[in-house]
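Peer 1: For reference, the sequence and a predicted model appear below.
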Amino acid sequence: IQIIFRPYGPMSGDWVQIFNPGEDAPFAVVAIGDVVGKGTSAALITAALAAIWNEYHARWRNGEVDLNEIAETLDRVVTTTFKGEQNTTLSIAVLFKDRIRVGCFGAPSWLKIDNAGKSATVRLKLQDPIGLRAKARPRFAPNDVTPSAGDLILPYSDGVIDGNVARMTFQRRLSEALPL
């Protein structure tokens with residue numbers, strides 16, 4: 001597994017969190033997102049997300065992984081702290097030895113590029129971003145992906161690929177650029 005994270009800038013609101021307890025562990029958890037805005041307000045929400053993420057490490061080390069609970073906790077803290085004025089996208093994955101469980105809130109769906117360079121969007125239920133005053137708490141609606149050797153599973157944090165034409169163009173260019 002290789003993770004590459006390239007934020008827009010040092011105070012951009014782009015964030016990543018990784019829980020990787022080691023090769024013998026039954027799973028790892030990875031999340032990325034993009035906070036609305038930049039500067040101090042984005043940095044504050046990113047720090048809050050990191051603190052919550054770290055609270056879950058002990059549970060995950062014991063083999064407990066409830067992504068609904070972490071999504072609800074993140075949403076509650078962001079909504080309460082920022083009174084609906086801030087929100088963030090969330091793309092999250094649980095990496096098991098035989099599959100990857102992916103989901104997202106307010107972010108575009110994940111992308112799977114197979115070892116032949118063919119790309120496909122991983123179908124996921126559309127969800128509101130974390131921190132919006134939605135009537136219902138977020139519910140993790142995952143999809144399991146079973147990658148083959150050499151496949152890439154990619155999340156997006158925001159609107160780089162908004163719209164069907166932009167998404168297809170991005171997928172085609174990415175597939176062409178990858179040394180598969």
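Peer 2: In hand now; what should we look at? The structure presented is a predicted model; accordingly, all values stated were derived computationally and were not measured.

Peer 1: residues touching the nearest residue to Leu124 once chain neighbours are set aside, list them.
Peer 2: Leaving out its chain neighbours, the residue that sits closest to Leu124 by CB to CB, 6 or more residues apart in numbering is Ser109, at 4.7 Å. Quick note: C-beta positions are derived from backbone N, CA and C, even for glycine. By CB atoms under 8 Å, 6 or more residues apart in numbering, the residues touching Ser109 are Thr121, Val122, Arg123, Leu124.

Peer 1: JSON lines for the residues you listed, including pLDDT and secondary structure?
Peer 2: Compiled in JSON lines, those are given as follows (pLDDT from 0 to 100; DSSP: H, G, I helix; E, B strand; the rest coil):
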{"residue": "Thr121", "pLDDT": "83", "secondary structure": "strand"}
{"residue": "Val122", "pLDDT": "88", "secondary structure": "coil"}
{"residue": "Arg123", "pLDDT": "86", "secondary structure": "coil"}
{"residue": "Leu124", "pLDDT": "85", "secondary structure": "coil"}
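
Peer 1: Is there a quick ChimeraX command that grabs whichever of those residues are buried?
Peer 2: A single ChimeraX command is used to select the members of the contacts of Ser109 judged buried by 16 or more other CB atoms under 10 Å:
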select :122,124
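
Peer 1: Throw the contacts of Ser109 into JSON lines and include distance to Arg59, thanks.
Peer 2: Below are the contacts of Ser109 laid out as JSON lines (distance: CB to CB, whole Å):
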{"residue": "Thr121", "distance to Arg59": "31"}
{"residue": "Val122", "distance to Arg59": "26"}
{"residue": "Arg123", "distance to Arg59": "29"}
{"residue": "Leu124", "distance to Arg59": "24"}
